[in-house]
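Q: Structure of the sequence below:
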Amino acid sequence: MGDKFRRMMQGRYGADNLGQLLSIAALISVLIGLFTGWSWFSLFGIFLLVWQYFRMFSKNIQKRYNENQAYLLLRNRITGWFRKEKSYARQRKDYHIYKCPSCGQKVRVPRGKGRISIHCPKCGNDFIKKS
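A: Numbering: from 1, shown residues only. Coordinates of the predicted model:
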């Protein structure tokens, strides 16, 4: 049985990260539809599941690959933003983070030093802020 399935899947795209997301979203949607009685949630979940299987059994590998890469790019932008904000939150205890008024470059200076002159490493502009 395993050989038959393996031969059938040759030349097909298979599972990827976007497929995993579609499967989870389909399961959640179907469960919401079952518990709330809203049938359109269940129909949407079934549509997502059909789309996921269509992608998995597709022979247009390049197009499915491009779809997955677009999803991964979007996911990395979102998770990267959260990682950056988490890093800034950790640093705010010990540092002030200021933007250069001329170029917008972020400059990190230690807290508790009083009024200091900050030199922007990008454009060379000097500005005064309280740390």
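
Q: hey, let's count contacts and neighbours off CA atoms from now on
A: Will do.

Q: Check which helix or strand the residue nearest the centre of the chain maps to.
A: With distances taken as C-alpha atoms, centre = their mean, R75 lies nearest the centre of the chain, 1.9 Å away. Assigned by DSSP states H and E, R75 belongs to helix 61-91.

Q: what's the angle from the helix or strand just after that helix to helix 61-91?
A: Remark: after helix 61-91, the chain's next helix or strand is strand 95-99, criterion DSSP H and E. If you take axes from the mean of the first three to the mean of the last three C-alpha atoms, to 10 degrees, strand 95-99 sits at 120 degrees to helix 61-91.

Q: how far does strand 95-99 sit from the chain's center?
A: 26 Å (C-alpha atoms, centre = their mean, to the nearest Å).

Q: which helices and strands does that strand pack with?
A: strand 106-110 (3 or more C-alpha pairs under 8 Å, 6 or more residues apart in numbering; DSSP states H and E).

Q: Neighbouring strands - and their directions - for the strand it packs on?
A: strand 95-99 (antiparallel) (DSSP bridges).

Q: Send me the partner strand as CSV with only the CA atoms.
A: Extracted in CSV, the C-alpha atoms of strand 95-99 (Å, rounded to 0.1, in the frame of the first residue of the first chain):
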residue,chain,number,x,y,z
TYR,A,95,18.3,51.8,27.3
HIS,A,96,16.4,54.6,25.6
ILE,A,97,15.9,54.2,21.9
TYR,A,98,15.7,57.4,20.0
LYS,A,99,15.2,58.2,16.3
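
Q: Name the residues that touch that strand?
A: The contact list for strand 95-99, computed with C-alpha atoms under 8 Å, 6 or more residues apart in numbering, reads 105-111, 131.
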